[in-house]
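Enquirer: Using only what follows, build the 3D model:
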Amino acid sequence: MFPWAQIDTVLLDMDGTLLDLHFDNHFWLSLVPETLSQQRGVTRGEAQQLVQQAYQQVEGTLNWYCLDYWAQELQLDILALHYSITDKIRLRRDTVPFLLSLQQAGKRRILLTNAHPDSLELKLQHTDLARHLDAMLSSHQLGVPKESPQFWHQVFARFQLDPARCLFVDDSEKILNAASQAGVGYLLGISNPDSHQPTKQFQQFPATDDYALVTQNLCIQQ
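Expert: Got it, this is the predicted structure:
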């Protein structure tokens with residue numbers, strides 16, 4: 001799938017790429033509207049509409065991923081709600097074998113996430129993800145989301161990367177496109193980010209629903 005001899009570093013999204021996106025989808029699409037409905041005394045449908053409108057106003061910006069912003073905007077204890085469903089935080093079943101294969105092949109593994117630092121910390125507490133990574137970075141540390149060209153320029157400088165020799169893996173085609181435009185040499189989509197939802201199709205980039213297919217290719221070329 002990829003010319004691994006030409007790839008030094010694998011840049012990895014977190015939610016939907018290394019972790020099952022079901023946690024986040026359940027949180028933002030079900031739990032938040034349900035809680036808002038109860039708090040404001042409105043129907044679930046009305047709460048859903050309020051939330052969707054609020055999401056659309058900041059989609060693609062750093063606020064869209066910011067727990068502090070949503071706590072203020074919706075007047076909900078967003079972090080406490082996160083802690084109420086930690087049982088849904090799970091690694092993808094193929095994540096650890098994939099990361100171990102990358103390590104064995106001498107590839108640098110860097111997590112790049114739009115997740116708020118509090119969300120990142122919570123997920124690290126409930127998985128063993130950190131021990132399988134060489135570095136981690138939240139876009140909140142840089143002040144711009146992965147959708148922004150400035151994010152990528154800062155990442156390349158911070159980690160001293162040659163973007164042409166990087167593979168970036170993400171479940172968002174929009175973010176993959178941003179990485180491509182910034183000069184990342186190799187891109188891979190994840191077509192089954194949420195274990196409770198059907199697979200999706202990528203239009204511009206190769207995609208997989210099982211890292212085993214990628215690691216087979218990696219092992220062959222070593």
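
Enquirer: shaky segments in the protein?
Expert: 219-222 (pLDDT under 70).

Enquirer: Could I get the full set of strands for it?
Expert: 9-12, 108-113, 135-138, 166-170, 186-190, 207-208 (DSSP state E).

Enquirer: The last one pairs with which strands?
Expert: Yep, that's strand 207-208 we're talking about. Here strand 207-208 is paired, per DSSP bridges, with strand 186-190 (parallel).

Enquirer: could the strands of the chain go into a markdown table alongside distance to R40 and mean neighbour count?
Expert: No exception for glycine: its C-beta is placed from N, CA and C like everyone else's. A markdown table is the format used below for these (distance: least, CB to CB, whole Å; neighbours: other CB atoms under 10 Å):
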| stretch | distance to R40 | mean neighbour count |
| --- | --- | --- |
| strand 9-12 | 38 | 24 |
| strand 108-113 | 31 | 22 |
| strand 135-138 | 31 | 17 |
| strand 166-170 | 35 | 26 |
| strand 186-190 | 35 | 23 |
| strand 207-208 | 39 | 19 |
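
Enquirer: okay if I get those as JSON lines plus distance to Q57?
Expert: Putting the strands of the chain into JSON lines (distance: least, CB to CB, whole Å) gives the following:
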{"stretch": "strand 9-12", "distance to Q57": "29"}
{"stretch": "strand 108-113", "distance to Q57": "22"}
{"stretch": "strand 135-138", "distance to Q57": "22"}
{"stretch": "strand 166-170", "distance to Q57": "23"}
{"stretch": "strand 186-190", "distance to Q57": "27"}
{"stretch": "strand 207-208", "distance to Q57": "29"}
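
Enquirer: List just the one of those strands that sits closest to G60.
Expert: When the strands of the chain are compared by CB to CB, strand 166-170 sits nearest G60, at 14.0 Å.

Enquirer: The closest one pairs with which strands, and in what direction?
Expert: Take DSSP bridges as the rule and strand 166-170 pairs in its sheet with strand 9-12 (parallel), strand 186-190 (parallel).

Enquirer: thinking again about what came up before, so for R158, which of the strands of the chain sits nearest?
Expert: Between these, strand 135-138 lies closest to R158; by CB to CB that is 7.3 Å.

Enquirer: Could you name the helices and strands sitting against the closest one?
Expert: If you count contacts as 3 or more CB pairs under 8 Å, 6 or more residues apart in numbering; DSSP states H and E, strand 135-138 packs onto strand 108-113, helix 117-125.

Enquirer: Can you say which of those is nearest to R92?
Expert: helix 117-125 (12.5 Å).

Enquirer: Please spell out which residues along that closest one are buried.
Expert: Buried residues in helix 117-125, counting neighbours by 16 or more other CB atoms under 10 Å, are found at 118-120, 122-124.
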